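**Student:** okay, predicted coordinates and the sequence, questions at the end:
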Amino acid sequence: MSQLQSFGESDLTDIGIIDPEVKEKMVKGLDALKGAKKEKRKRDEEENKPNRTIFVGGLSYDASEEDVEEFFQSCGEVIRVKIPHYTGSGRSRGMAFVEFKTEEGLKNALAKDGTTHMDRYLQIKLSTSGEKKTTWITKRISASNSRKKRGNKNSFYWKFIMGG
């Protein structure tokens, strides 16, 4: 077999075609490319993973992650509990996100909607935290730039722009 036929399999440094330093850079580049492909595959798997997270509203401000986990333990195995807090004060925001290992645990937890915990009625629904939410952006626009001038030159109006 000639050297050209075995191009993909041979060590090109042995036959003097590629400098060893260039080969090392090529290998590092290929390794980085393989790593990027693995990361992309992992992201794709996570995106296709079913949503097993619930939103719990109306939670007591004194409830801890352990309290919430204990409350939902009867539904199924709880993977994670997250209680958001205000950045300035550190106080609980009165809500939580609970992730379950199985779909059955998720369904059992959704059935607890309207029950009480720490003397508060809970609102339990499927979390939409991973979905893209629409935000509204306001923009001040001078009326002097528009065709219809209302009032003086300093008048303006607000334009609502849907953002993503």
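**Tutor:** Yep, it's here.
**Student:** now do the buried residues in the helix or strand hosting residue 80.
**Tutor:** Assigned by DSSP states H and E, residue 80 falls within strand 78-82. Across strand 78-82, burial judged by 16 or more other Cβ atoms under 10 Å covers 78, 81. Using the backbone N, CA and C atoms, a C-beta is placed for each residue, glycine as well.
**Student:** the domain parsing of the protein - what is it?
**Tutor:** When the chain is parsed with automatic domain parsing, its domains come out as 1-49, 53-126, 132-164.
**Student:** straight-line length of the second one, end to end?
**Tutor:** Terminal residues of domain 53-126 lie 6 Å apart, using Cα to Cα, to the nearest Å.
**Student:** what mean pLDDT does it get?
**Tutor:** Averaging pLDDT along domain 53-126 gives 94.
**Student:** need the longest helix for the protein.
**Tutor:** helix 20-48 (DSSP state H).
**Student:** show me what secondary structure element comes after it.
**Tutor:** Assigned by DSSP H and E, the successor of helix 20-48 is strand 53-57.
**Student:** what is that next one packed up against?
**Tutor:** With contacts defined as 3 or more Cβ pairs under 8 Å, 6 or more residues apart in numbering; DSSP states H and E, strand 53-57 has these neighbours: strand 95-100, helix 103-110, strand 123-126.
**Student:** just the residues contacting the shortest one, thanks.
**Tutor:** This points to strand 123-126. Residues from elsewhere that reach strand 123-126, judged by Cβ atoms under 8 Å, 6 or more residues apart in numbering: 51, 53-58, 106, 109-110, 112-114.
**Student:** can you tell me the strand partners of that strand and which way each runs?
**Tutor:** Here strand 123-126 has these sheet partners by DSSP bridges: strand 53-57 (antiparallel).
**Student:** quick one: contacts of the helix or strand just after the strand it pairs with?
**Tutor:** For strand 53-57, the following helix or strand on the C-terminal side (DSSP H and E) is helix 65-72. The contact list for helix 65-72, computed with Cβ under 8 Å, 6+ apart, reads 56, 59, 78, 81-83, 96, 98, 100, 105, 109, 112, 117-118.
**Student:** ok, and the most crowded of the contacts of strand 123-126?
**Tutor:** residue 56 (25 neighbours; other Cβ atoms under 10 Å).
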